[in-house]
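Student: predicted structure and sequence below. I'll ask about it afterward.
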Amino acid sequence: MLIHIIADYGQGDLAFAEVVQRIRLYLPDAEPILTPVPAFSTLAAGFCVAQLGLNEAPAGTIIYHNVAPRQDDEQARTENAGERLAFARLPNGVRVMGVNAGHAFSFVRDAAAELRWAAVAAEGSQFRSRDLFPQAAAAIALGQPEALDDVLEPTDIPDIPENCIAYIDGYGNLKTTIKQSDRKAEVGSAISVRIGDTEQTAIASDGSFAVEPGQIAFAPGSSGWTDSAGQETQWMELFLRGHSAWEAFGRPAVGSQIQIRERILAGNSGPA
């Protein structure tokens, strides 16, 4: 049974090992794959959940995610209470279990065939994703009806934020929440891209390598999926061929807003 574990514990952190150990206790046949995301970044977690969950996957695939900034209540907490564990069944049969925090379920909300709350306490441990949630997730995976609670209303899940960085890959490419279908700049045109205090010139491209080395491209990326109705979603990406777009834009955080406008250049169309 393939289980993707998406969390903000940190690359190689002991917490990943502890969670895997606990999951294997309840699901001995589990084959875990670990995907770290930045601390408290529910947006990056939600993006990864959808990329893994809405594309082709082996039968029985489970996604277990935990990014719980405990920002649902600004008051002091007792018993380490936090956001509740939720469940989504996707059209391809992939089952998603994780804390309904921020944008963790935003990318799969509208595609989900079923949305439910998990029947497990939201408090009782500082490390809930090790001490409380694995047993509940295993019960759901094994089809135990008492493991699920009330329907999770789509209105309890926020929309995908527009025009921002959703994920930063290991090459420094910036995956965005801008859909290819919403791209306005013509292919080959120069555009101005501002993220935070940094503005760069990019080329609107229709392919990852349709720019010269050293140029920033704004192009359809490798992330996206096709829904059950056959409608394709592909996300735009900013990349700097041969280098890191993340570095070029001053190492912006996931969630940073992206401003794009067309630009007419008199000479070099490389980084501004």
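Tutor: Happy to help now that I have it.
Student: residues near residue 138, how many?
Tutor: Using other Cβ atoms under 10 Å, residue 138 has 23 neighbouring residues. From N, CA and C alone the C-beta is placed, and that goes for glycine too.
Student: what's the distance between it and residue 193?
Tutor: 45 Å (Cβ to Cβ, to the nearest Å).
Student: now do residue 215
Tutor: 12 Å.
Student: hey, what's residue 202 bridged with?
Tutor: residue 191, residue 216 (DSSP bridges).
Student: got any residues that touch both of residue 215 and residue 193?
Tutor: residue 202 (Cβ atoms under 8 Å, 6 or more residues apart in numbering).
Student: skipping its backbone neighbours, what lies nearest residue 148 in space?
Tutor: Closest residue to residue 148 apart from its sequence neighbours, by Cβ to Cβ, 6 or more residues apart in numbering: residue 116 at 4.6 Å.
Student: can you pull the contacts of the one you found?
Tutor: Neighbours of residue 116 in contact, by Cβ under 8 Å, 6+ apart: 86, 87, 88, 148, 149, 150, 151, 152.
Student: for the fifth one, pull up the helix or strand it's in.
Tutor: Element membership for residue 149, per DSSP states H and E: strand 148-151.
Student: who does that strand pair with, and is each partner parallel or antiparallel?
Tutor: strand 114-118 (antiparallel).
Student: how far does the strand it pairs with sit from its chain's centre?
Tutor: 19 Å (Cα atoms, centre = their mean, to the nearest Å).
Student: which residues are in contact with stretch 160-168?
Tutor: 37-38, 43-44, 46-48, 103, 106-107, 174-178, 195, 223, 235, 246, 252-260.
Student: what residues sit buried inside it?
Tutor: 160, 164, 165, 166, 167, 168 (16 or more other Cβ atoms under 10 Å).
Student: nearest residue to the middle of the protein?
Tutor: residue 47 (2.0 Å; Cα atoms, centre = their mean).
Student: kindly confirm my reading that that residue forms part of a helix.
Tutor: Yes. Under DSSP: H, G, I helix; E, B strand; the rest coil, residue 47 sits within a helix.
Student: doesn't residue 104 make contact with it?
Tutor: No. Using Cβ atoms under 8 Å as the test, residue 47 is too far from residue 104 to be in contact (9.7 Å).
Student: what's the burial count for residue 254?
Tutor: Residues near residue 254, counting by other Cβ under 10 Å: 20.
Student: tell me where the stretch 51-200 of the chain is predicted with low confidence.
Tutor: 70-82, 121-126 (pLDDT under 70).
Student: can you give me the strands in it?
Tutor: Secondary structure of the stretch 51-200 of the chain (DSSP state E, counting those that start in this stretch): strands at 62-66, 85-89, 95-99, 114-118, 148-151, 165-168, 174-179, 190-195, 198-204.
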